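Q: Build me a structure from this.
(4 chains)
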Amino acid sequence: MDFALTDDQTMIRDAAESFLGDVSDSAAVRRAMDSENGFDREVWQRIGSELGWCGVAIAEAHGGLGLGPVELALIQEQAGRRLLCSPFFATVCAAATVIAEIGSEPACAQWLPRIAAGEIAMGMPLYGDVGDWATHAQAIQARADGDRWRLDGVAAQVADGATADVLLVFAETDSGLGLFAVERAATGVELNPLPTWDRTRRFAAVRFAAAGAQRLDSAARIDDGLSRAASLLRLYLAAEQLGCAQQCLDLTVDYTATRKQFGRVVGGFQAVKHRCAQMMVKIEALRSAVHGAAACAAGRVETRQLAMECIMARLLAVDAAFYCAQEAIQLHGGVGFTWEYDPQLYFKRAQAAANWFGNAERLRAELADALLDDAA
Amino acid sequence: MDFALTDDQTMIRDAAESFLGDVSDSAAVRRAMDSENGFDREVWQRIGSELGWCGVAIAEAHGGLGLGPVELALIQEQAGRRLLCSPFFATVCAAATVIAEIGSEPACAQWLPRIAAGEIAMGMPLYGDVGDWATHAQAIQARADGDRWRLDGVAAQVADGATADVLLVFAETDSGLGLFAVERAATGVELNPLPTWDRTRRFAAVRFAAAGAQRLDSAARIDDGLSRAASLLRLYLAAEQLGCAQQCLDLTVDYTATRKQFGRVVGGFQAVKHRCAQMMVKIEALRSAVHGAAACAAGRVETRQLAMECIMARLLAVDAAFYCAQEAIQLHGGVGFTWEYDPQLYFKRAQAAANWFGNAERLRAELADALLDDAA
Amino acid sequence: MNLEPTAADEAFRVEVAQWMREHLSGDFAALKFRGGPGDEEHEPALRKRWERELASGGWTCVGWPREHGGRGLSIEQQVIFHEEYARAGGPGRMGHIGEGLIGPALIQFGTPAQQQRFLPEIVAGREYWAQGYSEPGAGSDLANVQTRCWQEADGSWRVQGQKIWTSLAHESDWIFVIARCEPGSKGNKGLAFLLMPLDQPGIEIRPIRQISGGAEFNEVYFDGAVAQADHLVGQPGEGWKVAMGLLEVERGVSTLGQQMHFAHELELIIKAAKRNGRANDAAIRARIAQAWCGLRVMRYNALRMLSGGQIGLRREALIYKYYWSNWHRDLGELAMDVLGAEGSVMSDDPDVRPLQQMFFFSRADTIYAGTNEIQLNLIAERGLGMPREPRPAG
Amino acid sequence: MNLEPTAADEAFRVEVAQWMREHLSGDFAALKFRGGPGDEEHEPALRKRWERELASGGWTCVGWPREHGGRGLSIEQQVIFHEEYARAGGPGRMGHIGEGLIGPALIQFGTPAQQQRFLPEIVAGREYWAQGYSEPGAGSDLANVQTRCWQEADGSWRVQGQKIWTSLAHESDWIFVIARCEPGSKGNKGLAFLLMPLDQPGIEIRPIRQISGGAEFNEVYFDGAVAQADHLVGQPGEGWKVAMGLLEVERGVSTLGQQMHFAHELELIIKAAKRNGRANDAAIRARIAQAWCGLRVMRYNALRMLSGGQIGLRREALIYKYYWSNWHRDLGELAMDVLGAEGSVMSDDPDVRPLQQMFFFSRADTIYAGTNEIQLNLIAERGLGMPREPRPAG
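A: So this is what the prediction gives:
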């Protein structure tokens, strides 16, 4: 039993901190927000080629580094801290994880190496819990067409839908749920970029009309795989939100250290100190949760236990990210709700993210089912 | 529209404040807690004869003063502030209200004058919502026996059950719910005083075995009357809890004004000030709620609207009473959880009272039903 | 204690409701439920026309004394007016700074000449006002005024400095400014209260873009801007007294109109919850019930405020800002939780967009006009007599 | 990062569990899950016998070095021991002050003679210790020590003053006391750390009855009470250093055992909820889920503490007291909300009574050993480098 990071893990974390501090500072984030695509292509290319992050959690057999959830969570924490605007989340955290967990061997062999190499960007809806995935899949009908498939229907909110090379969606087949890849540029794919309040992660509504698709899932893997994939997605999102929350606290401590009111530094007022301390309590609790869940994901933990651990981390993340963004606004005073200062960026992200991979209420209900069906 | 108290109302409130400050200070409450019956008979007699509080809300036709919910709520607030140990609550607030709202005319004419005169004490269960009353009634079967009735079954927690002259219970008859009065000393009544954590309001378990009973309800009044009675009970309890919460704040402000830590008066620390301020916010909100609901109860308000107003007041009361007692303990520091200091008394009352006439969750659910069935 | 309305009040309520129904129509129908906090930039020109429409019916400055051009309504009738105005969806009032703040201040502290010059224009909806209190370095410490003013030989005043959080400055004609007229004075001593036209060379207005993307607040820069000699209110050095009188006035009967607006927001939330099924979730139901309780508390609390403070020694006035602002912020969270993922996309739906705006803009509620922290200090110090915060020299 | 146990650790876990199963039986079976916080007065004599039973198996002082009579377990094995001890329902340890506080302090600061005199008695479960830190006037301000001590001609020390919140003083043989040996000194300067037998004429113990009716805390009055010359630990004037060393030790591996106790309480709550149907209420279910999350957080947080602080620079240690105490207080509320009206009556049911005791006693959790307010100050000042609270001279 050892909860400490290895030297390699520390190195990955430090590299992420340093790189993202350079390329994704506040000015860079605002440039990306104002750009049409919503991200800086050069940064995305450097992530894929120079840093190799795209393959961190992908198996060596599929061209990745064969590291795992601990390493990817450490990168995600820094990405959240800097609100990295990038296809990284949808492609590497979401799509690659889903393919790796439920994809057939040929599908994994075809797609994972390309993701690992940073060659392609993928878009994917960030639905709520696993039950939601099935519900939303019903909005898209898939029918076989020779070797390939045709999709008809809509996906309401697809992350990076307007810019990714390939879209990954669940759809309803005659024999149940299936996972499909569609070229964004394919005939029959209609994209409608959505004006979201959070401009740091983009979404598009997608309409499929007999769009050509490739089926990726392996029927045998889907039950267990969906749950494991959902757990990992929640973990990566929780790690990202840990970074967001930490940055809110850091911004607030810095601001209140210089801002004066009534002849005193604001940070010297006990009410302000206590609020910052409570932010720190939530953040460190979340840090423990994320590292614990990541260690479970990296180890030999059965699917159901992993689900509980990752729900736990995600629940703490929803709360901590929103609370810290809220308090950052409040403790910045008047400038806190201006466009010019950064707390509003984290606040919008926290609000949007509250709905990804399950809101707090659904997560608690899912966890309660596990706990109360289980106990003696 | 006038929200101010009349001169008479102010006089009643001031008299209650002064009388209870004398006869129900901390030492008196502790004597009552340690006594077998749980209250001071002399104080109870003075309340009935000298002060006339027992008849405040009873109609003049039934020997009362013909005042109403506003006046009784004002007395209740002071009773709560001083944790008055007395049959007053069960007899005057609870039993008299239920009889007045659902009793037949002969029953009202028989019992209300005796209550108004302070001649008798009544015991009654303090069940949750109206639905609960029917459920609990099923634990007692009533069968007609000539002019009178016989009861068999149990009432788990009857306020003042071990000391009241007469017990008032709901029971199941062949034709539905009925309200019955049983002499405590009657044959077939077995009493088991309960060791409750809160010693300022006593309860007993009561077992009826063919106990002789008088039926009090008027079938025509029962539907509307149950709801109105429940509303008034919630109001009187909310008023009492307002007094409890206020006293917790007063004790805390006084204590922190003299107690020193780190060379400063504790009350000067901003964290302590803010906590006290938040207690005051909850208390003043509750005060507005109680006075608003009391004014509604005193006016021409339909049953359903009255129910909503009184649930509102009761909901705020549950929260404020518990929060203020909790904070009183916390802000008293080490002595806060000792027997010697008073915050623990209010804390135990708050915990016990959380279950009377509906817990917060049930109340919110009831209110939501009204709001969401109603709105367009 | 009596909550029953008189017959006369009932009749008045019907009169207001009917007037609103008849006049908030045609072009003005588009203004229904618009122009509130977070939406103040909506159709300013049309809303100024609406102010003049109100004036034509005698519905501006309804609480002002008749001798100053008001309608001289009783408190009860003012409450009724504000309630029915809000219930009908009356738009956010472009004239509220004039009607609610500077007008009453001039009635109390102004010279007859000032009253004659300014009050009729406010009543008629012809001149609009902005306020110049807050400064960038001061925040909640209102008395920490750095903006300076001095008197020229001709008696006119010159102002140098910067104000911030001035709402709708770019839509206003005049601004009242508090500035330091005694060099070296500190805190609330040595201040002057000046009335200044905004359209002059020495004044520059820069919008502040806020969280929701809108920019109803401004920074206002004064570079030797001029106020006429006779546009000083009160004596030089006593500006604080005038300014504080205004802040008292802010807590007036209009609060009951604000509550009708809040009630409308809660109705939109209930509607959304029924539409998307969240109305079946126990937790959402509980929060809707809790929000409704807050509405009732605010109503009864306001009635206490209006009853002269007999119940509770004006403590209800002390808690009110803290209570409503936090309630409203919570309501914003409830709205977004009800909307779910749909809420993340900027909507044009008139049932959805106001909830989104409210969510973001309510973040300012607990900050402006005294942050939560300042409010709690005030409650503890004034309401409970607890020790004052230490203020080190500096 | 690796949470998988080694084979040796797994074997050790089995060994502990088996020993506990075999020995926590017979007379001792009645002690299962008893004697924890709020229940410390339960069967003290039997629990002292249990301590000697533990000693006979070599299960006292398992983390102490072997040369001082301990078992010299690794951190991992200590964790396993505490977990299995708690899982088996091992009773609250009568010897925990000796084993967890004064023993380690003597190992670090004591003379060889002191170590030889006291450590074997602690290991064997023959002598029990109480702590004398807090004073009535000091509260959270531990350094504000008023109790005085002075040295007599024969070298012995005399103590005059009063200590408070001394748990189980009436069941203990010895007390360690921090007292002011340099008249006129202030704060943490000029203090001495003394070891004193409790059974002597100059010491009077008065129980403090607390909210739940029990009295495991005491006031201890010293009226010229005597400590032998060689029972001073450290140098005169350096008592604070010794005392602070103890407080550090308090945050040790035993925290994982405490968590098993918490987990047991949550199990009782789930059991009660299933029994009375509250397990069907959405709000109760959500709170149970939330409580479980807190358990996991505490576990991972403790593992961080034990991993040497690499993740997060020991910030996890700084938040721990605040986190667990508030979590536990919330758990008490959840327990009572699940029990409902049944919870208002003192119960003899072994599934109910512990929850009631926990509800009341957990009120102390956020107060003793640093109130919430002190904890938040520490977190802000040490964890975030924010300005220290001003401490006026006085």
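Q: Quick check: the residue of chain A most remote from its centre vs C:Gly239, distance?
A: Residue farthest from the centre of chain A, counting by Cα atoms, centre = their mean, is A:Gly263 at 43.0 Å. A:Gly263 is 21 Å from C:Gly239, where distance means Cβ to Cβ, to the nearest Å. No exception for glycine: its C-beta is placed from N, CA and C like everyone else's.
Q: Same question for A:Trp149.
A: Using Cβ to Cβ, A:Trp149 is found at 75 Å from C:Gly239.
Q: give me the low-pLDDT residue ranges for the chain?
A: Just so you know, I chose chain A. Within chain A, the segments meeting pLDDT under 70 span A:1, A:374-376.
Q: my bad, chain C
A: C:1-3, C:246-253, C:308-313, C:391-394.
Q: What parts of it come near chain D?
A: Residues of chain C lying near chain D by Cβ under 8 Å from any Cβ of the partner chain: C:281-283, C:286, C:390.
Q: Name the nearest of the residues you listed relative to chain A.
A: C:Ala283 (5.2 Å; Cβ to the nearest Cβ).
Q: Was I right to think the closest one contacts D:Ala282?
A: Yes. Using Cβ atoms under 8 Å, C:Ala283 makes contact with D:Ala282 at a distance of 6.5 Å.
Q: how close does the residue in the stretch 51-200 of chain A that chain B sits nearest to sit to C:Glu333?
A: Nearest residue of the stretch 51-200 of chain A to chain B: A:Gly128, at 22.9 Å (Cβ to the nearest Cβ). Using Cβ to Cβ, A:Gly128 is found at 18 Å from C:Glu333.
Q: quick one: which of these two has more around it?
A: Under the criterion of other Cβ atoms under 10 Å in any protein chain shown, the comparison of A:Gly128 against C:Glu333 puts A:Gly128 first, with 21 against 16.
Q: Distance of the closest residue to A:Lys260 other than its chain neighbours relative to chain B?
A: Excluding the flanking residues, the one nearest A:Lys260 by Cβ to Cβ, 6 or more residues apart in numbering or on different chains is A:Val266, at 6.8 Å. Here A:Val266 is placed at a distance of 12 Å from chain B (Cβ to the nearest Cβ, to the nearest Å).
Q: For A:Val266, what are phi and psi?
A: Its backbone dihedrals place A:Val266 at phi -60, psi -40, with angles given as degrees, to the nearest 10.
Q: Pull the contacting residues for it.
A: A:255-256, A:259-260, A:272, A:331, A:333 (Cβ atoms under 8 Å, 6 or more residues apart in numbering or on different chains).
Q: among these, which two are most distant?
A: A:Lys260 and A:Leu331 (13.9 Å; Cβ to Cβ).
Q: Can you find the residue of the stretch 201-350 of chain A that comes nearest to chain B?
A: Closest point on the stretch 201-350 of chain A to chain B, by Cβ to the nearest Cβ, is A:Gln270, at 3.8 Å.
Q: Excluding sequence neighbours, find me the nearest residue to that residue.
A: Closest residue in space to A:Gln270, ignoring its immediate chain neighbours: B:Gln270 at 3.8 Å, by Cβ to Cβ, 6+ apart.
Q: The one you found - how many residues pack around it?
A: 24.
Q: Identify the residues contacting it.
A: By Cβ under 8 Å, 6+ apart, the residues touching B:Gln270 are A:269-271, C:377, C:389.
Q: and if we set it to 7 Å?
A: The contact partners of B:Gln270, by Cβ atoms under 7 Å, 6 or more residues apart in numbering or on different chains, come to A:269-271, C:389.
Q: From C:Gly383, how far off is it?
A: Distance from B:Gln270 to C:Gly383, by Cβ to Cβ: 15 Å.
Q: Kindly report the same for A:His332.
A: A:His332 sits 27 Å away from C:Gly383, going by Cβ to Cβ.
Q: Surely C:Arg296 and B:Gly292 touch.
A: Yes. Assessed by Cβ atoms under 7 Å, C:Arg296 is found in contact with B:Gly292 at 6.4 Å.
Q: Overlap of the contact sets of the two?
A: In contact with both C:Arg296 and B:Gly292: B:Glu309, using Cβ under 7 Å, 6+ apart.
Q: is it true that C:Leu194 touches C:Cys149?
A: Yes. Counting by Cβ under 7 Å, C:Leu194 touches C:Cys149, with 6.4 Å between them.
Q: Could you tell me which residues touch both of the two?
A: C:157, C:159, C:179.
Q: Let me see the ranges of the helices in the stretch 51-200 of chain C.
A: Using DSSP state H, counting those that start in this stretch, the helices of the stretch 51-200 of chain C run over C:75-87, C:96-97, C:103-109, C:112-124.
Q: got it, and the stretch 251-376 of chain A?
A: Going by DSSP H, counting those that start in this stretch, the stretch 251-376 of chain A shows helices at A:270-298, A:303-331, A:343-353, A:360-374.
Q: Can you say which of those helices is nearest to A:Asp14?
A: Using Cβ to Cβ, the helices of the stretch 251-376 of chain A put helix A:270-298 closest to A:Asp14, at 16.1 Å.
Q: Note down every partner strand of the longest strand seen in chain C and its orientation.
A: Taking DSSP state E as the criterion, chain C has its longest strand at strand C:217-227. The strands beside strand C:217-227 in its sheet (DSSP bridges) come out as strand C:157-163 (antiparallel), strand C:203-208 (antiparallel).
Q: Of those strands, flag the one that's most buried.
A: strand C:157-163 (a mean of 21; mean count of other Cβ atoms under 10 Å in any protein chain shown).
Q: what about that strand, distance to the chain center?
A: Put simply, strand C:157-163 sits 24 Å off its chain's centre (Cα atoms, centre = their mean, to the nearest Å).
Q: Now C:Phe262: closest residue in space that isn't a chain neighbour?
A: Among residues not flanking C:Phe262 along the chain, C:Leu295 sits closest, at 6.2 Å (Cβ to Cβ, 6+ apart).
Q: What is the burial count for residue 41?
A: As the question left the chain open, I've gone with chain A. Neighbours of A:Arg41 using other Cβ under 10 Å come to 13.
Q: meant chain C actually
A: For C:Glu41, the count of nearby residues is 15 (other Cβ under 10 Å).
Q: Got the phi and psi for it?
A: According to degrees, to the nearest 10, C:Glu41 has phi -80, psi 0.
Q: That one: what's it in contact with?
A: Here C:Glu41 is in contact with C:214, C:216 (criterion: Cβ under 7 Å, 6+ apart).
Q: And it, how close does it get to C:Ala215?
A: Taking Cβ to Cβ, one finds C:Glu41 at 7 Å from C:Ala215.
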